[in-house]
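K.L.:
Got a sequence here, can you model it:
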Amino acid sequence: MGRKKNMEAIVQAFILIAIACLLIDAMISKKVNYYVHPRFYVGIWVSIIVLFLFAISMISKIKKARHNVNIRHYMIFAIPLVAALLFPATGVNGKDMTIANSDIVASNSEQKNPNSETDNNTIAGTDSDSYDSESMTNEEAMADTTDATASTQENEQANDIGEETVGISEKYAQYEVDGVMVINDDIFADWYCDVYDNLDEFVGKKCQYLAQVYSMEDFEENQFLAGRYFMVCCAADLVGYGIVCETDIRSELKDEEWITVTGTISEYEYNGYMVPLLTDVTITEGEAPDVEYIYYNNY
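P.N.:
Purely as a prediction, here's the structure:
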């Protein structure tokens, strides 16, 4: 008679190998892209190796038979394994899409529309102060000199900032084809944020990118949102961002269909904020990419 095997060790090894195989399939088929950012790929491959090493370590235990082994409590591990086989990974459908991150829009709007209340307070403060030139002291004179120096420094800093931001749009010149910025997925996140943060620089420039069509309740009949889903870390933080587009063929477009949109960037006031708007839009049929999400590369 052959020696009995340790069924508990066999079940444990099977579970470890099954999980490792599912992870390998997700990595090779790129299904993992629906769940985590590519920067975690190395960690996943390391996990796969560790799972196999644990499974190999179980070989020595398999030969050591045990009495009264109960493997029923391992059935709980069958639930995620079976679910992974019965319900294949799919992309996001119907999740909320928005025009922009509120922080980006607010920051951009504040630059264009300074708080009028602040200006009124400043003016009121100036009117309420009255000075007698004969009573001006040396300390006040020194304070004026200090203020003048500070103002000069602020102007110099503003000029420096202006010089730094002037070239923001120029970094995408290398992606221009016949005067059109062709925005691929690998630079889409950076470009999208730059457009919102420096809208003035991008006004009048033509761009082209792959997107999906989305509707917004408060849009005009000729408007739609050309957007993509962005991921920072994992599926839990997935959010959709897009740019408003105007076109006469809006009624011919279906929500969530893939298109390649080409248009000229202009300014548009939306809910009190200035946001980019694509005009002179040209739309061609697009094909869903292998990786549907846009991944932030800067944190």
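
K.L.:
which helices and strands does the stretch of helix or strand Val46 belongs to pack with?
P.N.:
Here Val46, judged by DSSP states H and E, is contained in helix 41-57. Helix 41-57 is packed against helix 7-29, with contacts defined by 3 or more C-beta pairs under 8 Å, 6 or more residues apart in numbering; DSSP states H and E. Yep, even glycine has a C-beta here, placed from its N, CA and C like the rest.

K.L.:
Pull out the buried positions in the helix it packs on.
P.N.:
Neighbour counts over helix 7-29 (16 or more other C-beta atoms under 10 Å) mark 8-13, 15-20, 22-23, 26 as buried.

K.L.:
related to what we said a few turns ago, ok, and what's touching the helix holding Val46?
P.N.:
Here helix 41-57 makes contact (C-beta atoms under 8 Å, 6 or more residues apart in numbering) with 13, 16-17, 19-20, 23-24, 27, 32, 36.

K.L.:
let's see 7 Å
P.N.:
13, 16-17, 19-20, 23-24, 27, 32 (C-beta atoms under 7 Å, 6 or more residues apart in numbering).

K.L.:
again with stretch 23-35
P.N.:
44, 47-48, 89, 91, 234-235, 290-291, 293.

K.L.:
please redo it, this time with the cut-off set to 10 Å
P.N.:
Identification of contacts with stretch 23-35 by C-beta atoms under 10 Å, 6 or more residues apart in numbering yields 22, 36, 38, 40-41, 44-45, 47-48, 51-52, 84-85, 88-92, 231, 234-236, 238, 290-293, 295.

K.L.:
How much space separates the residue positioned nearest the centre of the chain from Tyr35?
P.N.:
Closest to where the C-alpha atoms of the chain average out (C-alpha atoms, centre = their mean) is Phe230, at 3.5 Å. Distance check for Phe230 against Tyr35: by C-beta to C-beta, to the nearest Å, it reads 15 Å.

K.L.:
again, but for Thr98
P.N.:
When distance is defined by C-beta to C-beta, Thr98 is 22 Å away from Tyr35.

K.L.:
And the furthest pair within the buried residues of helix 7-29?
P.N.:
Taking C-beta to C-beta, the two most distant members of the buried residues of helix 7-29 are Glu8 and Ala26; they sit 27.6 Å apart.

K.L.:
got the residue ranges for the helices in the stretch 151-299 of the chain?
P.N.:
185-197, 199-202 (DSSP state H, counting those that start in this stretch).

K.L.:
Please tabulate the ones you listed in a markdown table, including the columns distance to Cys245.
P.N.:
Output for the helices of the stretch 151-299 of the chain, formatted as a markdown table (distance: least, C-beta to C-beta, whole Å):
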| stretch | distance to Cys245 |
| --- | --- |
| helix 185-197 | 13 |
| helix 199-202 | 15 |
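
K.L.:
burial measure for the nearest residue to Glu269 once chain neighbours are set aside, as a count.
P.N.:
With sequence-adjacent residues excluded and distances taken as C-beta to C-beta, 6 or more residues apart in numbering, Glu269 is closest to Val275, at 7.7 Å. Applying other C-beta atoms under 10 Å, we find 20 residues neighbouring Val275.

K.L.:
roughly how far apart are Val275 and Gly167?
P.N.:
Val275 is 22 Å from Gly167, by C-beta to C-beta.

K.L.:
and what of Ile79?
P.N.:
Here the criterion is C-beta to C-beta. By it, Ile79 lies 55 Å from Gly167.

K.L.:
now, among the contacts of helix 41-57, which is nearest to Asn271?
P.N.:
Val32 (36.6 Å).

K.L.:
Mind pulling the model confidence for the closest one?
P.N.:
For Val32, the model assigns a pLDDT of 87.

K.L.:
Could you report the neighbour count for it?
P.N.:
Neighbours of Val32 (other C-beta under 10 Å): 18.

K.L.:
tell me the phi and psi of it?
P.N.:
With angles defined as degrees, to the nearest 10, Val32 sits at phi -60, psi -20.

K.L.:
picking up where we left off before, can you pull the buried residues of the helix holding Val46?
P.N.:
44, 48, 51, 55.

K.L.:
I'd like the residues you listed as a markdown table, with distance to Gly242 and pLDDT appended.
P.N.:
What follows is these, written out as a markdown table (distance: C-beta to C-beta, whole Å; pLDDT from 0 to 100):
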| residue | distance to Gly242 | pLDDT |
| --- | --- | --- |
| Ile44 | 30 | 93 |
| Ile48 | 36 | 95 |
| Leu51 | 39 | 94 |
| Ala55 | 45 | 91 |
